[in-house]
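Trainee: Show me how the following folds:
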Amino acid sequence: MKKVQLLYNPMAGDRSFKYDLDHFLAKFQEVGYQVHIYRSNAKGEMQKFFNTFEPEGFEGIFVSGGDGSLNEVINGMLHHNIDIPVGIIPSGTSNDFARYLNMPDHIEECVDVFLKRDLKQIDVGKANNQYFINVCSGGLFTSVSQNIDLDFKNTLGKMAYYIKGIEQLPNFRPFPLRITTNEKIVEEEFYVFLVLNSTGAGGFQKLAKKAAIDDGLFDFVAIRACSLHEIPRLFIQILRGEHLSEKNILFLQGSEFNIECLSEEDCFYESDLDGEKGPRMPLHIQVYPKMLKVFTNENVEDI
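Mentor: Predicted coordinates for the structure are as follows:
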């Protein structure tokens, strides 16, 4: 019998996926699949699941949760060289990568997309020894998704991120970075940087509006140190996707980045990968072209 594996985070988003679980099971069983289920009980468990996972015979691995849950699954799979297509059920708060893949919000439509088996081979990033699928970031707002209270996030949804972000504004200080690519070295002060695989992160969907997840490149976007009165206008441009040519924005593309923090303050050395705690700087970030197969909701040629 054909098999699929479902991993789900019961605490993700509004915690409603448990009511959709039967629909997922019914749809896959109707077409002859045996469904294996794993319920995560704590952060990190989805990644640990793959320590004992036997991939033979499985035709899909599906994850229900947010970007952090997806990051755990990707790291668990790739560290164990598991080559099985991944399907994303966007049941978390932000779901940036699922949104880029045009995945529906409703489980019924999501399962219909999976059963069509439109697959796409996509790039994956690695920062030091940790993989990421959507974004690696540092600086202002980096720790918001990591430290936010779960009940507060589940009650207010994405708005909770913005509220917590505003709380950080009194600490709005630039920090010095050295960014090295194959073509140049940049040494300046910044408020925040993002290394993007897709077009958006943190609910901002046009951060790198021409980015592609299968081009072998990452888009680097950073806000330079500038006068605080310029920031509101800059964020409006970011929302519109009109910021990449701005003088206060550094935009680079490349397959490899080395990012060093030159500050003496320890707090600036933290990084974030897909909403989860990343390695401390310095970071060596590399693209692994077309390393992962994913289910997509678009007309692409099957692979």
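
Trainee: And Cys267, how close does it get to Lys293?
Mentor: Counting by Cβ to Cβ, to the nearest Å, the separation of Cys267 from Lys293 is 38 Å. (Each C-beta comes from the backbone N, C-alpha and C, glycine too.)

Trainee: which of those two has more neighbours?
Mentor: Lys293 (18 against 11; other Cβ atoms under 10 Å).

Trainee: Just list the residues touching that one, thanks.
Mentor: Residues near Lys293 by Cβ atoms under 8 Å, 6 or more residues apart in numbering: 83-86, 119-122, 303.

Trainee: Among those, name the buried ones.
Mentor: Among these, those classed as buried by 16 or more other Cβ atoms under 10 Å are 84-86, 119-120, 122.

Trainee: List just the nearest of the residues you listed to Phe235.
Mentor: Ile122 (28.7 Å; Cβ to Cβ).

Trainee: out of everything not next to it in sequence, what's closest to that closest one?
Mentor: Nearest residue to Ile122 in three dimensions, chain neighbours excluded: Ile213, at 4.4 Å (Cβ to Cβ, 6 or more residues apart in numbering).

Trainee: for Leu25, same thing?
Mentor: Among residues not flanking Leu25 along the chain, Val35 sits closest, at 5.3 Å (Cβ to Cβ, 6+ apart).

Trainee: That neighbour contacts Ala26, correct?
Mentor: No. Using Cβ atoms under 8 Å, Val35 makes no contact with Ala26, being 9.5 Å away.

Trainee: out of those two, which sits in the busier spot?
Mentor: It is Val35, of Val35 and Ala26, that has more neighbours when counted by other Cβ under 10 Å, with 17 against 11.

Trainee: and the more buried one, helix, strand or coil?
Mentor: Following DSSP: H, G, I helix; E, B strand; the rest coil, Val35 is assigned to strand.

Trainee: And the strands in the stretch 201-303 of the chain?
Mentor: 218-224, 249-254, 256-261, 272-273, 276-277, 283-295 (DSSP state E, counting those that start in this stretch).

Trainee: any chance of these in JSON lines, with mean pLDDT and distance to Arg99 too?
Mentor: Output for these, formatted as JSON lines (pLDDT from 0 to 100; distance: least, Cβ to Cβ, whole Å):
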{"stretch": "strand 218-224", "mean pLDDT": "95", "distance to Arg99": "17"}
{"stretch": "strand 249-254", "mean pLDDT": "96", "distance to Arg99": "22"}
{"stretch": "strand 256-261", "mean pLDDT": "98", "distance to Arg99": "24"}
{"stretch": "strand 272-273", "mean pLDDT": "93", "distance to Arg99": "18"}
{"stretch": "strand 276-277", "mean pLDDT": "88", "distance to Arg99": "18"}
{"stretch": "strand 283-295", "mean pLDDT": "97", "distance to Arg99": "13"}
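
Trainee: Tell me which of those sits nearest to Ser64.
Mentor: Closest approach to Ser64 among those (Cβ to Cβ): strand 283-295, 13.1 Å.

Trainee: So which bits of that closest one are buried?
Mentor: 283-285, 287, 290-295.

Trainee: All set now, cheers.
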